[in-house]
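Peer 1: Fold the following.
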Amino acid sequence: MRNRETRVRGIAARAGGWSARHRWAAVGIWVLFVVLAMGLGSAAGRVDVKDSDQMGGETHTAARIVEEAEIDEPASESVLVQAKPDGLTATDAEFRAAVDAVVTAVEKTGKVTGVTSPYDAKTISKDGRSALVQFDMRGEADTAGDRVEPVLKAVEGVQKEHESLRIEEIGGASMMKTFDDAFGDDFKKAEYSAVPVALGILLVAFGALVAALVPVALAITAIIATMGLMGLVSHFQPMSETANSVMLLVGLAVGVDYCLFYLRREREERAAGRDAQTALRIAAATSGRAIVVSGVTVCVAMAGMLFTGIAEFEAMGLASLMVVAVAMVGSVTVLPALLSLLGERVEKGRVPFLRRRRPSGSTGEGSRFWTAVLKRVLAKPLLAAVVAVGALLAVAAPALGMKTQNLTLDQEFGDSLPIVQTYNRVNEAFPGGSDPAEVVVKADDINAPEVRAALADFRERAISSGASRGPVEITTHDEQNVALVYVPLVGGSDQDKAGESLDRLRDDVRPATLGRVDGVEAPITGQVAGNKDFNDQLVGSVLPVFAFVVVFAFLLMLVSFRSLTVAITSIVLNLLSVGAAYGILVAVFQHGWGASLVGAEGVGAIITWLPLFLFVILFGLSMDYHVFVVSRIREARLRGRSTRDAIQHGVVTTAGVVTSAAVIMVAVFAIFGTLSMQSMKQMGVGLAAAVLIDATIIRGVLLPAVMSLLGERNWYLPKWLHRLPDLTHDESPEAIAPTVRDGERGERGRPVGV
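Peer 2: Numbers count the residues shown, from 1 in each chain. This next block holds a predicted model:
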């Protein structure tokens with residue numbers, strides 16, 4: 001009895017044991033936590049990231065000046081009046097009549113202010129074929145898209161009366177409305193369809209409705225609780241809508257995965273002849289521990305986003321970290337209570353036409369497919385490793401030529417929307433006119449003679465330097481002592497050329513003019529400047545983020561498995577997986593190889609934020625499978641199997657749950673690959689491809705091949721590292737091997753050892 005009375009170690013086993021003994025209390029505490037978190041979060045409200053905190057560098061400085069001055073910049077709109085080939089010019093009477101009709105029509109709507117004729121503002125193209133009628137929308141810029149429809153209809157009416165001309169509207173409000181109409185429901189559809197997709201896959205995996213509902217229900221409650229916590233935390237770290245979407249994706253993926261790991265192990269032990277309590281105890285000590293190790297590793301990976309210094313990334317990282325932590329806690333606390341309450345009823349709701357599935361490992365055979373694969377891999381591990389590594393490196397090779405940039409409007413949406421074509425026509429006729437650089441000039445006295453002279457000089461040199469072809473517009477806010485200077489950049493939608501014009505403004509024109517006046521601040525912002533500042537800040541944060549994630553993941557694996565070899569191979573395999581995902585992204589979206597197969601286009605670049613985002617997300621999520629598989633291999637090794645047999649047992653018996661979890665992740669991420677925006681397609685395809693590679697080539701071929709080659713060296717730990725904390729298995733192999741028979745129970749009627 002002495003061996004049987006050994007008490008378990010580790011928080012996962014203890015939490016699972018307590019939860020199974022106090023079932024209703026555990027469920028009640030979880031429900032109370034979810035309700036309180038959501039209630040307190042709703043009461044506190046949510047603080048979103050401000051524009052001034054979105055970027056760094058001059059863009060941040062400019063936004064801060066505008067906010068502090070409480071200047072509400074209206075949503076600006078333009079109407080392009082353009083002659084068709086071999087048609088009229090701006091000096092012709094019919095052209096003038098069309099311009100006057102546009103001015104009259106938009107003024108009559110009562111929704112606009114500051115309407116200016118191109119004949120007054122000199123907004124006529126050099127060839128005389130194009131002119132811009134400019135005006136601002138009344139009210140707040142953020143909601144201008146909701147009020148612009150009458151103006152759009154008025155412009156359409158003028159177009160019908162002047163068919164010899166092209167008359168089209170473009171601007172912040174009209175683009176906002178167009179994109180909301182065309183793509184506004186994309187995200188919601190993706191989010192709403194993710195849960196049914198996951199549920200459907202779980203129904204196939206378990207063959208029973210109740211068993212499929214448990215992981216989905218726990219994941220959803222974890223997401224709900226995290227939404228409430230985000231409201232509370234947002235008062236210290238502002239959140240965003242993007243953080244919401246990422247949190248939902250990550251929460252659903254890890255929440256379902258963790259429950260899947262736990263539930264499949266419990267069912268496997270019961271199928272092997274364990275009684276219900278013993279099966280739960282073993283699941284808590286094995287899968288529960290794997291969940292805790294995986295969860296902590298994922299949290300560390302997500303925390304890497306906090307080192308970017310970019311508010312949007314910090315919000316995504318913190319939201320993801322919280323939902324993983326909540327899902328992890330729920331999986332090792334309330335899940336054992338639910339399984340204890342349900343008992344055999346977890347098999348209720350059998351799905352017709354699906355045979356009752358026997359969990360992998362219940363017969364000792366496991367997955368037939370992976371058994372066949374493993375037989376060949378372990379027969380020739382060196383060949384398997386060389387082929388797998390060679391294939392992954394070949395797939396990753398295109399990543400060496402990766403080009404990142406913020407996608408332009410036509411890259412993001414293609415020619416699917418008429419407004420994109422209007423955008424291109426405006427940029428062609430008025431380079432930079434649709435996205436001008438904005439110089440925010442702050443002075444002690446904006447009307448001081450030297451400041452006004454510097455502003456005039458800046459306007460003149462901006463054009464003479466070749467950075468702009470004009471017109472350069474200046475709006476002065478006397479009370480705030482701020483002037484806003486709008487400079488159309490030469491290069492227009494060509495990011496590289498527009499970037500050169502921006503550099504000329506910042507490095508040459510500004511120092512020679514506004515920079516000579518004491519006390520004047522003149523940061524330059526705008527879309528091109530924002531992209532450049534964002535890229536610079538992101539590039540500067542790549543090394544710290546990569547180093548943080550890799551080093552801490554290595555340390556966690558080291559103390560969790562007490563093996564230097566396992567820690568090193570874990571990092572190397574994860575990097576190979578991420579590299580392969582990068583290679584697929586570049587091949588499909590930068591070079592266009594096979595892009596049509598996923599409904600995408602080769603746009604010549606990867607959106608700037610994606611590589612770092614993918615690295616953090618994938619490095620965290622791939623640890624789910626790795627920790628689960630390696631834990632099972634180590635468990636088998638501790639129970640006396642040879643390393644080779646332990647590898648085969650661990651990989652084959654986890655194949656079912658890893659496959660199910662991977663299919664869910666791939667399906668959920670692939671939903672985002674169906675969205676209309678190229679950036680979302682890139683994210684969805686990148687995540688789905690990486691998970692697929694990770695769950696097949698990495699975990700099914702390369703991991704067992706490498707571990708087979710290493711043999712006993714898999715468990716190598718130098719003597720000088722023996723002082724590390726011991727976070728290995730919660731129970732000794734002897735404690736989990738026997739089946740607890742009736743009557744062999746400890747105090748209070750519970751199985752001994754819990």
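Peer 1: from here on, contacts and neighbour counts on C-alpha atoms
Peer 2: Noted.
Peer 1: hey, where'd the strands end up in the stretch 301-450 of the chain?
Peer 2: 437-442 (DSSP state E, counting those that start in this stretch).
Peer 1: Report the buried residues of stretch 475-494.
Peer 2: Residues of stretch 475-494 classed as buried: 480-493 (neighbour count, 16 or more other C-alpha atoms under 10 Å).
Peer 1: And stretch 280-291, by the same measure?
Peer 2: In stretch 280-291, counting by 16+ other C-alpha under 10 Å, buried: 280-291.
Peer 1: could you give the mean pLDDT of stretch 723-734?
Peer 2: For stretch 723-734, mean pLDDT rounds to 56.
Peer 1: Surely F554 is in a helix?
Peer 2: Yes - with DSSP: H, G, I helix; E, B strand; the rest coil as the criterion, F554 is assigned to a helix.
Peer 1: follow-up on the earlier one: show me the buried residues of stretch 475-494 that map onto strands.
Peer 2: Using DSSP state E, the members of the buried residues of stretch 475-494 that fall within strands are 482-487.
Peer 1: Can you list the low-confidence ranges for the stretch 201-350 of the chain?
Peer 2: Nowhere does the stretch 201-350 of the chain drop to pLDDT under 70.
Peer 1: Please enumerate the helices of it.
Peer 2: 209-233, 241-271, 276-285, 287-303, 311-342 (DSSP state H, counting those that start in this stretch).
Peer 1: got a list of what the closest residue to G526 other than its chain neighbours touches?
Peer 2: Nearest residue to G526 in three dimensions, chain neighbours excluded: A437, at 4.7 Å (C-alpha to C-alpha, 6 or more residues apart in numbering). Contacts for A437 were tallied using C-alpha atoms under 8 Å, 6 or more residues apart in numbering; they are 486-489, 502, 524-529.
Peer 1: hey, where'd the strands end up in the stretch 501-650 of the chain?
Peer 2: 524-525.
Peer 1: follow-up on the earlier one: okay if I get the buried residues of stretch 475-494 as a markdown table plus distance to I124 and pLDDT?
Peer 2: Shown next, in a markdown table, are these (distance: C-alpha to C-alpha, whole Å; pLDDT from 0 to 100):
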| residue | distance to I124 | pLDDT |
| --- | --- | --- |
| Q480 | 32 | 90 |
| N481 | 31 | 90 |
| V482 | 28 | 91 |
| A483 | 24 | 91 |
| L484 | 22 | 91 |
| V485 | 19 | 91 |
| Y486 | 17 | 89 |
| V487 | 16 | 89 |
| P488 | 14 | 87 |
| L489 | 16 | 86 |
| V490 | 16 | 84 |
| G491 | 18 | 76 |
| G492 | 16 | 67 |
| S493 | 19 | 64 |
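Peer 1: For the residues you listed, give me TSV that also has distance to A325.
Peer 2: What follows is the buried residues of stretch 475-494, written out as TSV (distance: C-alpha to C-alpha, whole Å):
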residue	distance to A325
Q480	46
N481	48
V482	46
A483	48
L484	46
V485	47
Y486	47
V487	48
P488	48
L489	47
V490	49
G491	47
G492	45
S493	43
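Peer 1: of the buried residues of stretch 280-291, closest to V588?
Peer 2: Lowest distance from V588 to the buried residues of stretch 280-291 (C-alpha to C-alpha) belongs to I291, with 34.1 Å.
Peer 1: What about the closest residue to that closest one other than its chain neighbours, how many residues nearby?
Peer 2: Leaving out its chain neighbours, the residue that sits closest to I291 by C-alpha to C-alpha, 6+ apart is Y258, at 6.0 Å. Other residues near Y258 number 30, with proximity taken as other C-alpha atoms under 10 Å.
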